[in-house]
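Visitor: Quick one, fold the following:
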Amino acid sequence: MDRIRVRFSLLSPCLALAFLFAALPAVAQTWPLRPVRMVVAFPPGGVADIAARIYSARLSEAWSQPVLIDNRPGANGAIGAALAARAQPDGYTLLMATASELTVNPVFYPKLAYDTVRDFAPISLATHNPVVWIAGAATPYRTMGDLIAAARAKPATLAFSSPGNGSTHHLATEALRISSSATLIHVPYKGGAPATAAVVGGDVPIGAVALAPALPHLKAGKIRVLGIASPRRSGLLPEVPTLAETGHPVEMSNWVGLLAPARVPPSVIARINADMVQLAASADIRDLFAAQGSEAVSTTPQAFAAFVRAELAKFAAIVRAADIKPD
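Guide: Residues are numbered from 1 along each chain as shown. As a prediction, the model looks like this:
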């Protein structure tokens, strides 16, 4: 009998591991059993919020559970990102994040309450959103040439809004400054929607924002779009030139992607990824985003992780070249 007990005690860890691995697919089969929270680190109306609301509506249907949006703006996305990083790794808290909190903040701020690579499990890219420069309808600026000429004529007097200090839109304008020697005054806001509203309301004459929050105001005749930081013109605005066409090869997308806290079960990550890939490929989802100047995209978790590492290196180079400092 003692011999049997000894053998069982030696085998039990192996059996336990076997049962554990056998149970992993079952986690994905039973998840989710309750509502899922999707954190957005910026206010309503910006590209992350728009992506979260479009995808969450369809994911709620696929999962037969509500997917609830939790907007936590502030510190260029750092507040919401830190909140998601500290959440229980059970798949019930997700983060719909932008380039700003994932790949700009880590090279811009010396201390963060999260580490992009260590604290998150990438799931999939969700959208690409090119940066555009907008001007209020009452301003004299109708082209990027007008804007650059005005900034050169009176350096550091022309203000522009952005979704935050160190945001991709801010860095795109710094890259434009390096290329054109046109110096502007940066006025950061807590998201793309308020940065756009500042131009609409006349608080600042110029803004660097994503196309999605700018489109409704453009259609209403309250702003003009002067240029777009993409490799090709937008099908929605075929008359608006790319920055490269104006002689300044600046390309910048405030992409959006879905992540979970690190250590979420791989089977849950795989389940969410499969659903995201299917949604991004559907014609109705693609049309919804295209109508707002965004492109629905998807990746594997591994490809998204590699993309994030490459973006970290790119933004580190821009921050060094522009010598940008936190507020």
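Visitor: buried sites along the helix or strand hosting residue 178?
Guide: Assigned by DSSP states H and E, residue 178 belongs to helix 168-180. Under the neighbour-count criterion of 16 or more other CB atoms under 10 Å, helix 168-180 has 168, 169, 170, 171, 172, 173, 174, 175, 176, 177, 180 buried. (Glycine included, C-beta is placed from N, CA and C.)
Visitor: contacting residues for the last one?
Guide: When you say that, I think you mean residue 180. 148, 151, 152, 248 (CB atoms under 8 Å, 6 or more residues apart in numbering).
Visitor: tell me the contacts of the last one?
Guide: Think residue 248. Counting by CB under 8 Å, 6+ apart, residue 248 has contacts 144, 148, 176, 179, 180.
Visitor: Report pLDDT for the residue positioned nearest the centre of the chain.
Guide: In the chain, the centroid-proximal residue (CA atoms, centre = their mean) is residue 98; its distance is 1.5 Å. Reading off the confidence values, residue 98 has pLDDT 93.
Visitor: Can you name the residues bridging to it?
Guide: According to DSSP bridges, the partner residues bridging residue 98 are residue 256.
Visitor: Quick check, residue 209 in contact with residue 134.
Guide: Yes - the criterion here is CB atoms under 8 Å, and residue 209 meets it with residue 134 at 6.3 Å.
Visitor: Between these two, which has more neighbouring residues?
Guide: residue 209 (34 against 29; other CB atoms under 10 Å).
Visitor: would that one count as being in a strand?
Guide: Yes - assessed with DSSP: H, G, I helix; E, B strand; the rest coil, residue 209 lies in a strand.
Visitor: Give me the distance between it and residue 63.
Guide: 32 Å (CB to CB, to the nearest Å).
Visitor: Please apply the same query to residue 182.
Guide: 48 Å.
Visitor: circling back: could I get the buried residues of helix 168-180 as JSON lines with distance to residue 77?
Guide: Formatted as JSON lines, these follow (distance: CB to CB, whole Å):
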{"residue": "168", "distance to residue 77": "11"}
{"residue": "169", "distance to residue 77": "12"}
{"residue": "170", "distance to residue 77": "12"}
{"residue": "171", "distance to residue 77": "14"}
{"residue": "172", "distance to residue 77": "16"}
{"residue": "173", "distance to residue 77": "18"}
{"residue": "174", "distance to residue 77": "18"}
{"residue": "175", "distance to residue 77": "20"}
{"residue": "176", "distance to residue 77": "22"}
{"residue": "177", "distance to residue 77": "23"}
{"residue": "180", "distance to residue 77": "28"}
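Visitor: what's the closest of the residues you listed to residue 200?
Guide: Distances from residue 200 to the buried residues of helix 168-180, taken as CB to CB, are shortest for residue 169 (16.0 Å).
Visitor: ok, that closest one - contacts?
Guide: 131, 162, 163, 192, 195, 208, 209, 210, 252, 254.
Visitor: Confirm that the first one lies within a strand, as I assumed.
Guide: Yes - looking at residue 131 with three-state DSSP, it is inside a strand.
Visitor: Run a quick check on it versus residue 228, I expect a contact.
Guide: Yes - judged on CB under 8 Å, residue 131 makes contact with residue 228 at a distance of 7.4 Å.
Visitor: More neighbours: these two, which one.
Guide: Taking other CB under 10 Å, residue 131 and residue 228 do not tie; residue 131 has more neighbours (30 against 27).
Visitor: and the more buried one, what pLDDT?
Guide: 93.
Visitor: quick one: the strands in the protein?
Guide: 36-40, 67-71, 93-98, 120-128, 131-136, 159-162, 185-188, 206-210, 223-228, 256-261, 295-296 (DSSP state E).
Visitor: Now the third one - C-alpha only, PDB.
Guide: Read that as strand 93-98. This file holds the C-alpha atoms of strand 93-98, laid out as PDB (Å, rounded to 0.1, in the frame of the first residue of the first chain):
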ATOM      1  CA  THR A  93     -11.100  43.400 -18.900                       C
ATOM      2  CA  LEU A  94      -9.700  44.300 -22.300                       C
ATOM      3  CA  LEU A  95      -8.000  47.500 -23.500                       C
ATOM      4  CA  MET A  96      -8.800  49.100 -26.900                       C
ATOM      5  CA  ALA A  97      -5.600  51.100 -27.100                       C
ATOM      6  CA  THR A  98      -3.900  53.600 -29.500                       C
END
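Visitor: Please tell me I have it right and residue 249 contacts residue 230.
Guide: No - checked against CB under 8 Å, the pair residue 249 and residue 230 is beyond contact range at 11.4 Å.
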